[in-house]
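Undergrad: all I have is the shape, not the residue letters:
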């Protein structure tokens, strides 16, 4: 057992991950980091759309397309560097990689804060700093995701994933809402607050005790290691199905990118309302994560994952039709709850069906799929909104997510046949 797992000899190991010191540091660091980055992201999206409309005089459709470009500029570095990030997470100290990534985001937040304060914002500057934020996420995700399983015993991992999701989801509630409200007080304030939270997050990460390094053959060239990770996922139909389901469902059904359009020009609720709309999915997801942290799902996990993705698509389509703010918030809460069920099942099964020496690379590929679905989903949403309008784009995407779920249920029967979270690889 690793030194980081503080189990007392002769007594039963704790069953909850928060009983372990290093996991507590990890949890708080993740919470603070997510609050900071999501408050940053929600203000960034508002500024791109608002500047496009006011300073550049663009139409609603043209400004919505700028939100698609915002997603695309974050995806390009993700696509190019994600396989490398997986190798880095498997070859180097995952704590240091994560802390350095947080440092990059501190620079981004500081730059955005100064540019906002001095009224020097422009679309090219916003896109450039958004791309750098994408670089930070590339290395942060695989390092943190593959670090968590090393902080608790294997049997506690599903509960740790749910508890980790609490940090993510409750921070996802707080971050956008705080970002919107701070922006209403003083436009540069959310960025400067983000700098402080990110600094605290980086400190907590480096305080985690060193963990056992995965058994990776360092004589193997990194390019070969990347190929090994790709080959491992490609030949494991279960992992391929789980990762690709999330990729295509969120690629089509993502609504986040167009929320500034709904907030500014459809629901008329401004940046504060946008903050609440960005937070609403996390409310549903956080409640589900809290439930799973104490009552983990145990049976028929694959079927429940597929049903959850279908509900996610339905809630997305209904949101597109809503013109009432409270109804829209309720649908976003439902959307987030369904997404959390899918994320919990997929994350648990992927972690438990991947050997530790491969977790960094598999996490990076899973992260690439998630990032592709989010960032390319934003581009898809921007293009669809330019052609169909914001409402048509969201309804089309929700219907597409439902169709993907039906196709994957038949194309990958391994998913619906997954009954429990039994680990395929023992530590």
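TA: Great, that's in hand. Treat the numbers as computed from the prediction; the structure is a model and nothing was measured.
Undergrad: neighbours of the closest residue to residue 125 other than its chain neighbours, just the number please.
TA: Counting by CB to CB, 6 or more residues apart in numbering, residue 115 is the residue found nearest to residue 125 once chain neighbours are left out, at 6.0 Å. For the C-beta atoms, the positions are set from N, CA and C on the backbone; glycine is no exception. Residue 115: 18 surrounding residues under other CB atoms under 10 Å.
Undergrad: could you say which helix or strand holds residue 115?
TA: helix 94-117 (DSSP states H and E).
Undergrad: mind giving me the packing neighbours of that helix?
TA: Here helix 94-117 touches helix 21-54, helix 123-147, helix 189-207, going by 3 or more CB pairs under 8 Å, 6 or more residues apart in numbering; DSSP states H and E.
Undergrad: rebuild those helices as a markdown table, extending it with mean neighbour count.
TA: Listed next are the helices and strands packed on helix 94-117 as a markdown table, based on neighbours: other CB atoms under 10 Å:
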| stretch | mean neighbour count |
| --- | --- |
| helix 21-54 | 23 |
| helix 123-147 | 22 |
| helix 189-207 | 21 |
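Undergrad: would TSV of those helices with mean pLDDT be doable?
TA: Shown next, in TSV, are these (pLDDT from 0 to 100):
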stretch	mean pLDDT
helix 21-54	90
helix 123-147	86
helix 189-207	94
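Undergrad: against residue 136, how distant is residue 150?
TA: From residue 150 across to residue 136, the span is 22 Å (CB to CB, to the nearest Å).
Undergrad: cool, and residue 16?
TA: From residue 16 across to residue 136, the span is 30 Å (CB to CB).
Undergrad: for residue 185, same thing?
TA: For residue 185, the distance to residue 136 - CB to CB - is 26 Å.
Undergrad: then residue 281?
TA: 22 Å.
Undergrad: go on, residue 184?
TA: Relative to residue 136, and taking CB to CB, residue 184 is found at 26 Å.
Undergrad: same thing with residue 62?
TA: 29 Å.
Undergrad: that older thread, do I have it right that the residue nearest to residue 125 meets residue 124?
TA: No - using CB atoms under 8 Å, residue 115 is not in contact with residue 124, being 11.3 Å away.
Undergrad: got the contact list for residue 110?
TA: By CB atoms under 8 Å, 6 or more residues apart in numbering, residue 110 lies in contact with 191, 192, 195.
Undergrad: surely the first one touches residue 41?
TA: So that's residue 191. No - assessed by CB under 8 Å, residue 191 is found out of contact with residue 41, at 11.1 Å.
Undergrad: flag the shaky bits of the stretch 101-250 of the chain, pLDDT-wise.
TA: Along the stretch 101-250 of the chain, the parts satisfying pLDDT under 70 run over 212-236.
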